[in-house]
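Peer 1: have a look; sequence and predicted model below, questions after that.
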Amino acid sequence: MLPRLPLFLAALAALGRPAAADRLETLTHETFINPSVLARLDQYNATEYEVSIDSVTLTDTGTGIPNIVALHNGRPFDVIANLAWEEQTYDLDSTNTLFWETFVDGTLEAQGQVDLRDSRALPSTVAAGTAVVDNSGTHKVQVKITLDAETSEGEQDYQSFAAGASFVPLIIVILFAATTKMVELALGMGIFVGACMVAGSLTGGFRDMLDIYILDALANKDHGYVFLFILFMAGLVGLIEKSGGLAGITVALKKYVKTARSAQCASFCAGIVIFFDDYANTLVAGASMRPLTDACIVSREKLAFVVDATAAPIASIVPISSWVGFEISLIQAELDKILALDPNPEIATTGFAVFIETIKYRYYCIFMLMFMPLMIIFGRDFGPMLIAERLTRVYGRSDGGPGRALAADGAALQSHNAPKPDTPCRWWNMAFPIVMLIGYIFYLLYWTGLQAGVGGESFVELIELSNAYQALLWGTMAAALTALAWYWLQDKKEGRIIWFNGKGYVNKMKRFYARHRGKCNRCRRGQEEEEENVVPVEDEEEHAKLLLDYKEAMSCFLIGMEKIFGALVVLTLAWATGAIMQAVGLDRFFGEILTDEALDYRMLPTLTFIISILIAFATGSSWGTMTIMFPLVLVPAYNASGGDPVIFYGVTAGILAGAVAGDHASPISDTTILASMASECQVLQHVRTQAPYAVMVATWSILVGTIPSGRATFANWFTINKTGRYDIFTELYLCCTKDKEFLLKLKDDTKLAFETGQPVELEEDVVRSWLSKMSLSSKEAGSLVKGESVAKDKEAESLVKGESIAEDKEDENLLSAVAGIEKSEQAPMDEETPEAVAAEEGEAALETTDSSDEPETEEHLA
């Protein structure tokens, strides 16, 4: 509309200007200009429409990561000027051309112009070119814009350093954690060093550490949900402990769970049952199984590993969980870009369909869920975990062993929330609140998805649309209130539980009334000696009392919250450390590797998996890793592979699985800290014992998963695939052996069978040649020839079943001879069969009576 405005006014003037012309004004709504005639044209006063630069931001050119706050030497970046338009009357004489110039340290790097007539909306941002710096230090990036006679400028100082220097905060965290054994100090030092690198000074780094990174970690709304969820969950555990539920479930399960192996299996099963959210899984399974594993002499490190390694893998691959909606939204965003480039791709076109296809490629999650039960059943540990288990079990430590969490003074944690001696310990006082918690969370996941939907969604789609943070927060608080009501239905007396004690409730009201009536009488008369007029109150000990009264309930709820304060401090520092890792550009460092054009696309699944592990390890956030990696890798991987579905699904699964793997090994991961907190295990001990297992499973996932699938060595779940390639071990054998004609032939036939969808006719001479080189006996040779022969007529089918029927008359003698050799081994020597006669008369069976003890030669089979 802007370019047509002068023409519009000129046309009105040509028609003749009325005596009382309307005034034409422009009004703005956000970035849109809407002309409206408000007065006579002859009253129109044209003024300039002013524009200014609100801020300057930078985007990494290679990876496209926006809002970078530190530069890497020699790495180009795009300059973005954010504009602010003033609400004034539009200038009729404007050129409608916005000129911009970009300077770095006073040197002009780029310049250009924007024609405002290209769009009806005024631009809110201007891409002000690309620049690069080559030396470390402080650099000033300045943008100037000019519209008509007005000029505005904006500038920002940035620190630049070598790309490898982005590892420094991570190294600081690991170094301090290893030497001081204090994760809080290690995380704090990493945040401070990273903030100083970004700010360029010690004082600036100190201010930014507090004002930006730590404060932002606390102010984030999602983090607030997690804080409250953890606090309410800890309060619920406090209620359960005070009611005797924790002790009761331990006593009840001791009848069935009597060994360390069975206790670990119970913990693993608890993690599988609570599959819908990793936070709920970690906290519920850890808190509920801790008394049981302690009683069965299992180390706290082992419990923390079982809880932590079950939570994220199961939640990330189950189609009904709090993870699914987030994962699908990221996948769908990249799918939309791919569909714009290629409307008819070979891959699935919906985020959920891609999610389902990637499940079989998430090797780490699958192998970890397989590894844990095998490790538990066979009782095979190694590394630091083996030492932790021996220190606990050899010395009969029923307190969790040396790895249990300690108080601030280094002493063992003392529970100030134990049930009273007269409180009966019953298992249902833990089972009921936990069942209600799971039910509330699952229902609220469904309900929040229902509120976000438009109608007609399936159950799975509603779970995808759900707000997991709200469901966890509301569900936990509802479960705590339900547990409190549950405990108020129970009275305790002489070590037993009395349900719905109506008579007791009436007596309590009478005593309450009598007590307060007596106080009122004394106050009114002022005669404390008239005790005879007051109904005597019987001794409270003689009556049944509530299992938990309101004072005890509030006290134990707050005590439960108090126990996890230290974990919340570590969690806050972990979030701030993750933000620092991105600020110094560690994600851009890894992204540069993935976006290298010289990279073989068949290695993308493996590299994506490895780099996702490293980013998740450095940032401590699996969801943050997914947010970084999906826009960075998915579309380039699709283009580089030519739309190969196996590569695309492998890359997608590599991101999802790598984020979980790195999260497991990271000392700053939120789930790592929550697992330690719920299991009451020292954080560093948990990381030290779990990391070797995570590394081993990740390595196995690479060797037998991402590398073979990326190079099309085999297709998951399929014996017949389009490439015909074998597993990695058979392919290695092919590289080493000279006798590979038959296996190569089989590979080609596999490709043909995949393409045609029909069986391929067997060439038996090739089989016999290969069998002779493998030195198989005649019995094995005959069985394999018959078992692998595929024909199209009934005679060949009977041959597969073991009947010696020739395909045609020309081969009748030869096939009878081969079958006769086999029959001669099985049939009694005194019974002469037609096959044996054929074997004696055949040219290929001369002088052979007991071939099972002697390998056949090539002449025999010829």
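Peer 2: Sure thing, it's come through. Numbers count the residues shown, from 1 in each chain.

Peer 1: so what's the backbone phi/psi at the closest residue to residue 197 other than its chain neighbours?
Peer 2: Setting aside the residues directly before and after it, residue 197 is nearest to residue 584 in space (C-beta to C-beta, 6 or more residues apart in numbering), at 5.6 Å. Bear in mind the C-beta positions are built from the backbone N, C-alpha and C, glycine included. Dihedral angles of residue 584 (phi, psi; degrees, to the nearest 10) stand at phi -80, psi -10.

Peer 1: count of residues packed around residue 584?
Peer 2: Other residues near residue 584 come to 28 when the count uses other C-beta atoms under 10 Å.

Peer 1: repeat for residue 354
Peer 2: When neighbours are defined as other C-beta under 10 Å, residue 354 has 23 of them.

Peer 1: if we can go back for a sec, how near is the residue nearest to residue 197 to residue 198?
Peer 2: Between residue 584 and residue 198 the distance is 6 Å, computed by C-beta to C-beta, to the nearest Å.

Peer 1: overlap of the contact sets of those two?
Peer 2: Common neighbours of residue 584 and residue 198 are listed as residue 70 (criterion: C-beta atoms under 8 Å, 6 or more residues apart in numbering).

Peer 1: tell me the gap between stretch 546-557 and the middle of its chain.
Peer 2: Chain-centre distance of stretch 546-557: 38 Å, with C-alpha atoms, centre = their mean, to the nearest Å.

Peer 1: format the CA atom coordinates belonging to that stretch as PDB.
Peer 2: Output of stretch 546-557 as PDB, limited to C-alpha atoms (Å, rounded to 0.1, in the frame of the first residue of the first chain):
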ATOM      1  CA  LEU A 546      -5.700 -39.900  63.500                       C
ATOM      2  CA  LEU A 547      -2.900 -41.600  61.600                       C
ATOM      3  CA  LEU A 548      -1.700 -38.000  60.700                       C
ATOM      4  CA  ASP A 549      -3.300 -34.900  62.100                       C
ATOM      5  CA  TYR A 550      -3.100 -31.600  60.300                       C
ATOM      6  CA  LYS A 551      -0.100 -30.300  62.300                       C
ATOM      7  CA  GLU A 552       2.000 -33.500  61.600                       C
ATOM      8  CA  ALA A 553       0.900 -33.400  58.000                       C
ATOM      9  CA  MET A 554       2.100 -29.900  57.400                       C
ATOM     10  CA  SER A 555       5.300 -30.500  59.300                       C
ATOM     11  CA  CYS A 556       6.300 -33.600  57.400                       C
ATOM     12  CA  PHE A 557       5.300 -32.000  54.100                       C
END
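
Peer 1: show me what contacts residue 553?
Peer 2: 239, 242, 484, 487.

Peer 1: please name the nearest non-neighbouring residue to residue 272.
Peer 2: Nearest residue to residue 272, sequence neighbours excluded (C-beta to C-beta, 6+ apart): residue 314, at 6.0 Å.

Peer 1: measure the one you found to residue 359 for me?
Peer 2: Applying C-beta to C-beta, the value for residue 314 to residue 359 is 12 Å.

Peer 1: for those two, work out which one has more neighbours and name it.
Peer 2: residue 314 (22 against 17).

Peer 1: mind checking what secondary structure the more buried one has?
Peer 2: When classified by DSSP: H, G, I helix; E, B strand; the rest coil, residue 314 comes out as helix.
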